[in-house]
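[1] Just a sequence and a predicted model for now, questions to come.
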Amino acid sequence: MARYTGPKTKINRKFGEPILGGKGLPKNSNPPGQHGGNRRRKQKSEYGVQLAEKQKAKYTYGVLERRFRNTFKEASRLKGVTGENLMKLLESRLDNVVYRMGMCVSRPGARQLVSHKHIEVNGAICNIPSYRVKPGDVISVKEKSAVNGPLVQDFREKDPKISWIDYSVEQMKGTYIADPERDSIPENIKEQLIVELYSK
């Protein structure tokens, strides 16, 4: 199963924000490279800015290029604004929903929970991280996994700002209420730049 396994801090420094999790940027938060912030960098072209935004979205949600492009194509076929549709599709991925519920401190951790068959959707085990969760779907921890102390010790209450998901840490079960509106999604991603990039 392909995924990014390189150094997280390098990617965080590249984009200037902790998009791959962690406690934040280190003191040396210059861009990666031999000369860091001392290197004179040319101003990015329009294409470079659009490409960087797409890369940031891919790293944030842990999606590789082919899957990301297919998700964009699906978003462009849906009614409404393509950029907002893209964000809704990324947010409705099963691994992301598990992360939003608070079952893991990071999306890679949530992806591992799903792929190791610890998560059920509507009572059936689902080990596909890219599975699209639909409004009304119930996501829960498998009964045998729920008694695994080391597995559930990091479970926490979800962020109260995530209003499109209902979750009970005691029951280890939650409901995907509805697709979120773009204003509710906290990720700092300019999706319109991604639409412009793929529209060329």
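    Yep, it's here.
[2] now the residue most central in space within the chain: how far from Glu170?
    Nearest to the geometric centre of the chain sits Tyr61, at 2.9 Å (CA atoms, centre = their mean). Going from Tyr61 to Glu170 by CB to CB, to the nearest Å gives 28 Å. Any C-beta I mention is one placed from the backbone N, CA and C, and that applies to glycine too.
[3] ditto for Ser199
    46 Å.
[4] Of those two, give the one with the bigger neighbour count.
    Ser199 (10 against 7; other CB atoms under 10 Å).
[5] Could you report the pLDDT at that one?
    On pLDDT, Ser199 comes in at 90.
[6] That one: what's it in contact with?
    Going by CB atoms under 8 Å, 6 or more residues apart in numbering, Ser199 touches no other residue.
[7] same check, this time on Gln171
    Contacts of Gln171 by CB under 8 Å, 6+ apart are Ser140.
[8] what's the pLDDT at the closest residue to Met172 other than its chain neighbours?
    Once flanking residues are discounted, Met172 sits nearest to Val141: 4.1 Å by CB to CB, 6 or more residues apart in numbering. In this prediction, Val141 carries a pLDDT score of 93.
[9] Spell out which residues make up each domain of this protein.
    Domain assignment for the chain, taken from automatic domain parsing, gives 8-28+43-89+186-198, 93-178.
[10] Identify each of the helices in the protein and give its residue range.
    8-15, 46-61, 65-77, 82-91, 94-101, 107-115, 143-146, 149-152, 191-198 (DSSP state H).
[11] Would you mind getting the angle between the fourth one and helix 65-77?
    Counting by axes from the mean of the first three to the mean of the last three CA atoms, to 10 degrees, helix 82-91 points 130 degrees away from the direction of helix 65-77.
[12] which other helices and strands contact helix 82-91?
    helix 65-77, helix 94-101, helix 191-198 (3 or more CB pairs under 8 Å, 6 or more residues apart in numbering; DSSP states H and E).
[13] Tell me which residues are up against that helix.
    Under CB under 8 Å, 6+ apart, the answer for helix 82-91 is 57, 61, 63, 71-72, 74-76, 78, 96-97, 100, 132, 179-182, 185, 187, 189, 191-192, 194-195.
[14] Determine how far that helix lies from the middle of the whole chain.
    11 Å (CA atoms, centre = their mean, to the nearest Å).
[15] swap in stretch 117-130?
    17 Å.
[16] List the buried residues for it?
    Using 16 or more other CB atoms under 10 Å as the test for burial, stretch 117-130 gives His118, Ile119, Glu120, Val121, Cys126, Pro129, Ser130.
[17] Can you pull the poorly scored residue ranges out of the protein?
    1-2, 21-42 (pLDDT under 70).
[18] Go again with 90.
    When residues are selected by pLDDT under 90, those of the chain lie in 1-45, 104-109, 145-161, 169-171, 187, 200.
[19] how deep is the closest residue to the residue nearest to the centre of the chain other than its chain neighbours tucked in, by neighbour count?
    Among residues not flanking Tyr61 along the chain, Leu90 sits closest, at 4.8 Å (CB to CB, 6+ apart). By other CB under 10 Å, the residues close to Leu90 number 24.
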